[in-house]
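K.L.:
fold the following and give me the result.
(chains A and B)
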There are 2 protein chains.
Amino acid sequence: MSEKTSVTAAIGGGVIGGGWIARFLLNGHDVNVYDPHPDAQRLVNEVLSNAERALRRMTMAPLPTKGKLTFVSSIAEAVRDADYIQESVPERLDLKLKIFAEIEKHAQPDAMIGSSTSGFRPTQLAEGLKTPERLFVAHPFNPVYLLPVVEVVPSAMTSPAVVERASAFLTTIGMKPLVVRKEIDAHIADRLLEAVWREGLWLVNDGIATTQEIDDVIRFGFGLRWAQMGLFETYRIAGGEAGMAHFIAQFGPALKWPWTKLMDVPEMTDELIATIASQSDAQSGMHSIRELERIRDDNLVAIMQALKAKPWGAGEILKSYEDGLYAKAHAHAATANTEPSGPLALHTDRVREDFVDYNGHMTESRYLQVFGDATDAFLHYIGMNTDYLATGRSMYTVETHIRHLREVKMGEPLRVETRLLGYDSKRARILHELFGGPGDELLATAEHMLLHVDTKKSTASEMGEELRRALANIWAYHKTLETPDYAGKPVRNIATDGL
Amino acid sequence: MSEKTSVTAAIGGGVIGGGWIARFLLNGHDVNVYDPHPDAQRLVNEVLSNAERALRRMTMAPLPTKGKLTFVSSIAEAVRDADYIQESVPERLDLKLKIFAEIEKHAQPDAMIGSSTSGFRPTQLAEGLKTPERLFVAHPFNPVYLLPVVEVVPSAMTSPAVVERASAFLTTIGMKPLVVRKEIDAHIADRLLEAVWREGLWLVNDGIATTQEIDDVIRFGFGLRWAQMGLFETYRIAGGEAGMAHFIAQFGPALKWPWTKLMDVPEMTDELIATIASQSDAQSGMHSIRELERIRDDNLVAIMQALKAKPWGAGEILKSYEDGLYAKAHAHAATANTEPSGPLALHTDRVREDFVDYNGHMTESRYLQVFGDATDAFLHYIGMNTDYLATGRSMYTVETHIRHLREVKMGEPLRVETRLLGYDSKRARILHELFGGPGDELLATAEHMLLHVDTKKSTASEMGEELRRALANIWAYHKTLETPDYAGKPVRNIATDGL
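P.N.:
Alright, predicted model coming up:
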């Protein structure tokens, strides 16, 4: 069924409803939208344009042909042909009950009916329905078009087959349905959020912290952790090799301390501790604590590097830390290495985990990444720092000739020797030699032509005086070096060259 | 001072202390470690090896020469020459008080003394000290060597100059010090965490959800949001153009509902609502809601793509969603062009989020990645499939000449045209032309020499018959194409070529 669903209905087109509509449409399903708000059409289209932009950035995989969007003027019209119906109207029980009664009257007998409610239990929503077996909560999170999680909460009357079909359908539109086994006000995630929200309100109320300060401790700290592991798995690691029970033993006493305004806590009986420890074993026991640490660390590194490219949040901190390191290294290099008598040694690296292909060898494009990093180090060295870049000038690589000589494997060291082959007022021709592996052998070479550009006009331009001086200084020595015979040569021609 | 700090002391070398030691050492500071645990040396070295691995993955910026690590047998020895002292012993007030008294006796008069305490207020820690002006809380988060946040909490007696020097120092080791203005048990972050922890315990206790289920709603949902924006900024967006006060008005009633076990909430007076709204304006008012939405969405996309590469958590969901999309698209794709009359069109892509540098242009090494993917598509096309590779034969790129002609930006389409320039029994010389951007213009070219190899011996070898047949088939057409005049040329020589 999930593959063939072609008609969906969205009752309510606000921020949450609009996010659902985007997921349905972009995954190839037609959508009938019912929302009596006079501005509904404009509002839905606004959410859609943001959603489409984001989804198309998130995946390069080939999405099916977009579904058809139809605004209708009654619930009857919206649901009549729909296989999947999603309600996302404001959190008022009386309103929701009226809507479900109307949906029930007009929907196909096997249509699935999900509610986006944050707080109501499905049993409350099914009150008075003749066919409660097709109703369930499908509670998503904003932005619905990006965040995968959706809490699927059946009532005791919901048919297990419906839960299964709905979960399968939600999976095909890129979501992660989590079936909640016991219905409870606010389900699971919003309970946790509500606790944080209440504590946050206290902190502002008591003048301890501002909204900004509260947000900062989250996004520079535990928020980064929770993007990849939850509360319990994180604390399992904190407990070390002794595990979850040890963590609870260590921090259990804090439950009696005034560490929160919300003092109502369950009693930490041996039974509860054993339950948590065994659930945690089932969840994470397949990894040792050391493994979990490395997984966590690699995830955090990837997240912070991703945010560095923006730069935003923790990525902005990382960037300014690195800027400081580069500035120091540059100040150091400028004094230490002003009279190069041989090739410059400005860049070292190691074959990182994500550099290698399935054979364990460094991937083709990573060679150019290492050479590109060496070029950056060379540009830093000749004085192209943040201040220089801020003036709208830079140097771009316009030509590259790489020769691959030897393979190198995961974890092996890499170092680059760089020499200047020539320069003029707008260009520099450089040669990198990449050495590495267990024998520090020549692995690859790269000849580059760098062009000085006006970054606003995107045209070639004259270098600043400081760059030219630095190049002249290097050239005084490098012109005396013998140019390797492979430099300045084209890619070999099969017709004329031997193997 | 911060730049010149050369000696630090770590009192306590557990998970938290070890994380501090790693930050100090890798940022060039010597560290004296005092920890009476019989296994301290081994435990610290374990944390250090993980920390060093992670930090060296996080930044490729040139770290200073690593500091010297010394294990000492008394607090006196540890702190005597230290400029910065960090205490990270277990959460027992009596123990901490004894240690601070001992530190005070032996430390330099201007040494900064930070405590890693999660819960104690600095005034509690300073009890009985003669020089409380140099003591403050510096509370980090696990893993200390990666997460930037550190809560700096002064007591009323702490000198503002010390807070300033400590913040400057912590910034140079890559951290984000957040100065907490009012001391309070558990500071700020742990109050929020404690509230979630307590709610989580209730959920497990009441049998609503397992540790795995709780963790999943976090890491597939709001945890992703919090890696880049906090509680209040996220809700500001949810409030839409009407902003924070609207959000509170909408969800305020929920505070009276049983959405958490933790029912103690501040009264939502007009004054508190106004405080929150104005703090939120100060925090985020420089961005419109639409702008915030796009920033949030781009951050979420970047985080999920980073996790996809592992794949882990939300990245694993994204990957399996994409696998499904590719499988469907592949089922649709039927015939390949077996009789090429022009260049082969075997590869298309788009400039992905993680392809661009801070200028929004595609990064140098990503060109070779796209060309490498096009080469893979060409090899697939001539019959190098999994079965062929399984026989221990492959083709490697041994030479590459790239010419960059035009820039291309995030999200723009890319397509590659590929032609065969020649081949013999062991080699193929191919030329890729990369087109793209809004005008489908020529962006870059790449000439490659591919060599057929015996992957076990790593030596050149004869191609299989099927590959040669496919190449002959292509060559029959491609030999009639005019070879572009830039093919077979070297990188331009500054001495002899004009600009």
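
K.L.:
leaving out sequence neighbours, find the closest residue to A:I16.
P.N.:
Nearest residue to A:I16, sequence neighbours excluded (CB to CB, 6 or more residues apart in numbering or on different chains): A:S88, at 4.5 Å. Any C-beta I mention is one placed from the backbone N, CA and C, and that applies to glycine too.

K.L.:
quick one, phi psi at that neighbour?
P.N.:
phi -140, psi 60 (degrees, to the nearest 10).

K.L.:
residues in contact with it?
P.N.:
Applying CB atoms under 8 Å, 6 or more residues apart in numbering or on different chains, we find A:S88 in contact with A:10-14, A:16-17, A:20, A:115-116.

K.L.:
A:I11 too?
P.N.:
Listed by CB under 8 Å, 6+ apart, the contact set of A:I11 reads A:17, A:34-35, A:75, A:78-79, A:85-89, A:99, A:103.

K.L.:
one more pass at 7 Å, please.
P.N.:
Counting by CB atoms under 7 Å, 6 or more residues apart in numbering or on different chains, A:I11 touches A:34, A:75, A:78, A:85, A:87-89, A:99, A:103.

K.L.:
again with A:G14
P.N.:
A:S88.

K.L.:
neighbours of the nearest residue to A:D357 once chain neighbours are set aside, how many?
P.N.:
With sequence-adjacent residues excluded and distances taken as CB to CB, 6+ apart, A:D357 is closest to A:T363, at 4.8 Å. Residues lying near A:T363 (other CB atoms under 10 Å in any protein chain shown) number 17.

K.L.:
separation between A:T363 and B:Y367?
P.N.:
14 Å (CB to CB, to the nearest Å).

K.L.:
now the end-to-end length of stretch A:203-213.
P.N.:
10 Å (CA to CA, to the nearest Å).

K.L.:
same question for stretch A:224-236.
P.N.:
17 Å.

K.L.:
for stretch A:115-126, same thing?
P.N.:
Span of stretch A:115-126 from end to end, CA to CA: 11 Å.

K.L.:
quick check: mean pLDDT of it?
P.N.:
Averaged over stretch A:115-126, pLDDT sits at 95.

K.L.:
what does stretch A:374-393 give?
P.N.:
The model assigns stretch A:374-393 a mean pLDDT of 90.

K.L.:
would you mark the buried spots in that stretch?
P.N.:
In terms of neighbour count (16 or more other CB atoms under 10 Å in any protein chain shown), stretch A:374-393 has its buried residues at A:374-385, A:388, A:393.

K.L.:
what is the most widely separated pair among those residues?
P.N.:
When CB to CB is used, the two most widely separated members of these are A:A374 and A:R393, lying 20.7 Å apart.

K.L.:
quick check, A:A138 in a strand?
P.N.:
Yes: according to DSSP: H, G, I helix; E, B strand; the rest coil, the state of A:A138 is that of a strand.

K.L.:
relative to B:K105, how far out is it?
P.N.:
From A:A138 over to B:K105 the distance is 63 Å, taken as CB to CB.

K.L.:
with A:T348 instead?
P.N.:
Going from A:T348 to B:K105 by CB to CB gives 44 Å.

K.L.:
ok, the two, which is more surrounded?
P.N.:
A:T348 (17 against 11).

K.L.:
excluding sequence neighbours, find me the nearest residue to the more buried one.
P.N.:
Per CB to CB, 6+ apart, closest to A:T348 is A:R415, 4.6 Å.

K.L.:
how about A:T131?
P.N.:
A:T131's closest residue in space is A:E104 (CB to CB, 6+ apart), at 5.9 Å.

K.L.:
how about the buried residues of stretch A:374-393 in TSV, adding secondary structure and distance to A:D323?
P.N.:
What follows is the buried residues of stretch A:374-393, written out as TSV (DSSP: H, G, I helix; E, B strand; the rest coil; distance: CB to CB, whole Å):
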residue	secondary structure	distance to A:D323
A:A374	helix	19
A:T375	helix	18
A:D376	helix	13
A:A377	helix	14
A:F378	helix	18
A:L379	helix	15
A:H380	helix	11
A:Y381	helix	16
A:I382	coil	18
A:G383	coil	15
A:M384	coil	13
A:N385	coil	9
A:Y388	helix	13
A:R393	strand	18
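
K.L.:
and those residues as TSV, adding distance to B:R406?
P.N.:
Compiled in TSV, the buried residues of stretch A:374-393 are given as follows (distance: CB to CB, whole Å):
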residue	distance to B:R406
A:A374	24
A:T375	19
A:D376	21
A:A377	26
A:F378	24
A:L379	21
A:H380	26
A:Y381	28
A:I382	26
A:G383	27
A:M384	22
A:N385	27
A:Y388	24
A:R393	19
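
K.L.:
can you list the low-confidence ranges for the stretch 101-250 of chain A?
P.N.:
A:241, A:243 (pLDDT under 70).

K.L.:
what ranges do the helices span in the stretch 51-200 of chain A?
P.N.:
With DSSP state H, counting those that start in this stretch as the criterion, the stretch 51-200 of chain A has helices at A:75-79, A:93-106, A:122-125, A:160-172, A:189-205.

K.L.:
nearest to B:E407, out of those?
P.N.:
Set against B:E407 and scored by CB to CB, the helices of the stretch 51-200 of chain A come closest in helix A:160-172, at 37.2 Å.

K.L.:
ok, back up a step: just the helices of the stretch 51-200 of chain A: most buried one?
P.N.:
helix A:189-205 (a mean of 24; mean count of other CB atoms under 10 Å in any protein chain shown).

K.L.:
after that helix, next one along is what?
P.N.:
Sequence order places helix A:211-217 as the next helix or strand after helix A:189-205, per DSSP states H and E.

K.L.:
C-terminal to that next one, what's the next element?
P.N.:
helix A:223-226.

K.L.:
off-centre distance for that following helix?
P.N.:
Relative to its parent chain, helix A:223-226 has a centroid offset of 12 Å by CA atoms, centre = their mean, to the nearest Å.

K.L.:
so what touches it?
P.N.:
Where contact means CB under 7 Å, 6+ apart, the residues beyond helix A:223-226 that reach it are A:234, A:300, A:303, A:314, B:147, B:218-219, B:223, B:226-227, B:230.

K.L.:
tell me the one among those residues nearest to B:N205.
P.N.:
Using CB to CB, those come closest to B:N205 at B:I218, 17.9 Å.

K.L.:
quick one: contacts for the residue lying closest to that closest one once chain neighbours are set aside?
P.N.:
Of all residues not flanking B:I218 in the chain, A:G230 sits nearest, at 3.9 Å (CB to CB, 6+ apart). A:G230 makes contact with B:214-216, B:218-219, B:223, according to CB under 7 Å, 6+ apart.

K.L.:
hmm, 6 Å instead?
P.N.:
B:215, B:218-219 (CB atoms under 6 Å, 6 or more residues apart in numbering or on different chains).

K.L.:
again, but for A:V47
P.N.:
Applying CB under 6 Å, 6+ apart, one finds that A:V47 lies in contact with A:G18.

K.L.:
element containing it?
P.N.:
Under the criterion of DSSP H and E, A:V47 resides in helix A:40-58.

K.L.:
buried residues in that helix?
P.N.:
A:40, A:43-44, A:46-48, A:50-55, A:57-58.

K.L.:
A strand includes A:E417, no?
P.N.:
Yes: per three-state DSSP, A:E417 lies within a strand segment.

K.L.:
bridged to it, which residues?
P.N.:
Under DSSP bridges, the beta-bridge partners of A:E417 are A:A345, A:E433.
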